[in-house]
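> return a 3D structure for these sequence lines:
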Amino acid sequence: MNTDNKKFSGSGICILLFLYFTVMNSPLSGQQMVTLDEAIGIALKYNPGYKASAMMNDAAQKRIRTAGFSESTAFTVELGQINSAFFDNAIGIEQGFSLPAVYSSRKKLMQANARLSDINLKISGYTLRQQVELYFLNYQWYQARKKLMLEQEGIYAEMLRKAEARFAQGESDRLELTGIRQKQMNLQSKLRLLEKELEWTLAEFNVLLNGGSTYIPVEDTFKADRSSLLTAFGDVSNSNIVAAAEHEKSLAESSYNLSKTFILPSFTIGYKNISFRGVGADEKLYNASDRFHNAWVGVNFPVFQKAYKAETEARKSELQAKEAEYQKVFDQQQVTARRTFDIYREQLMQLEEFETSQLANAEAIRDLAEKRFANGSINYIEWSVLMDEVFAIRSEYLDRIYNLNLSAIQLRFIHQKNN
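Now for the predicted structure:
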């Protein structure tokens, strides 16, 4: 996955997370529930990495106007015995310029760089969106797992209450009571760890958004992503990743073409106005108020061209490398897209089978286990094994949804279009 936006350093993340927890735990910190689309909008507005990418893109667009830049205009003043023993003065102006082909090649190079920058900004935006989606998905997954574990913990808490009553009446042994207590302790330990995962995921999510408040993802949207847009394999030739590689090639080609103009001649034009005192060649006497002028045109040739030709050959090699890189990127994207699509399709099919069979089996096992334990057909150990199987099935269902949605996020990133 591409991600052209700037990454925080390890120390930078630690500092930001420390500040986040300080603010979050203060009484003045505001918390706000956000949907995925709202979170993406906030990130695109406030994320510093994306803002930096936008400013770099703006600079690239403005730089196009520098393509017509020419040499500075030179103004000269001469004072002294220029023409004779008398003190004279001269005022001149000089301007150098290149052939139109040079300026045209410069402009094409700047335009190619601007197009590449524009594509990279889009990739940066899609990468940021993908990161927000991943944190959003992780937070909702953790919340769904927490809800399931709390349900399981509640069942064992109720069972512990009944077991203590039976033990007090001599109807059960210490093994049952100790087993239930140990099971509940294990669940509580897992819940505490899950709470930490939630806490840090939320912190990193807010560092990514950088919106000035504590944003919390809504919790009721953890469901399988069955978007119809993901059910058919798409062409990657117009994706931003491939487009960026293509524009890298175009930029290298423009750079190569510009290097071929290095051996072209440049020109200089000039004008000078000068005073003259004394007898001129026409045998007339001139004083300080009499002035004369002249103009000239110069042609500049690079006599030693070896270095220029070496630069041209180097840029030609860079162009060939970019052409090979483009084909590599295109082939990789095709393979990645096909593999991710096939995985997504298989995950979706297995999830639907899971929903129609194993979830129903889990409910049936739970009902039977509770009924048989209530009428004494099975003991605590057997009931516990069956209940563990029930919650293992339901936990696997949550994991299957999570993995399916991960594939969906990756598919959307791969097929991002260069519109």
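> I'd say F262 and E313 touch.
No: look at F262 against E313 with CB atoms under 8 Å: they stay out of range, at 11.8 Å. For glycine as for every other residue, the C-beta is placed from the backbone atoms N, C-alpha and C.
> how about A60: what's its closest non-neighbour residue?
In space, not counting the residues next to it along the chain, A60 is nearest to S117; the distance is 3.6 Å by CB to CB, 6 or more residues apart in numbering.
> quickly find the element holding that neighbour.
Assigned by DSSP states H and E, S117 belongs to helix 100-168.
> helices or strands up against that helix?
Under the contact criterion of 3 or more CB pairs under 8 Å, 6 or more residues apart in numbering; DSSP states H and E, helix 100-168 touches helix 36-46, helix 48-62, helix 174-209, strand 214-217, helix 240-259, helix 380-414.
> might you calculate how far that helix sits from the centre of the chain?
Going by CA atoms, centre = their mean, to the nearest Å, the spacing between the C-alpha centre of helix 100-168 and its chain's C-alpha centre is 12 Å.
> can you tell me the element the residue sitting furthest away from the middle of the chain falls in?
The C-alpha centroid of the chain is most remote from E283, which lies 80.1 Å away (CA atoms, centre = their mean). Counting by DSSP H and E, no helix or strand carries E283.
> quick one, phi psi at it?
Note on E283: backbone dihedrals following degrees, to the nearest 10 are phi 60, psi 30.
> repeat for S72
Dihedral angles for S72 - degrees, to the nearest 10 - are phi -70, psi 150.
> how close does it get to A90?
Taking CB to CB, to the nearest Å as the criterion, S72 is separated from A90 by 20 Å.
> ok, those two, which is more surrounded?
A90 (20 against 9; other CB atoms under 10 Å).
> pull the contacting residues for the more buried one.
T76, V77, E78, I82, K272, N273, I274, S275 (CB atoms under 8 Å, 6 or more residues apart in numbering).
> what's the helix or strand for the fifth one?
Okay, so that is K272. Assigned by DSSP H and E, K272 falls in strand 266-275.
> who touches that strand?
The contact list for strand 266-275, computed with CB under 8 Å, 6+ apart, reads 76, 78, 82-83, 88-99, 102, 288, 290-300.
> so R226: helix, strand or coil?
coil (DSSP: H, G, I helix; E, B strand; the rest coil).
> neighbours of the nearest residue to it once chain neighbours are set aside, how many?
Nearest non-adjacent residue to R226, counting by CB to CB, 6+ apart: L348, 6.7 Å away. Close neighbours of L348, defined as other CB under 10 Å, add up to 19.
> so who does L348 touch?
Contacts for L348 (CB under 8 Å, 6+ apart) come out as A224, R226, L404.
> okay, now F167: neighbour count?
Other residues near F167 number 15, with proximity taken as other CB under 10 Å.
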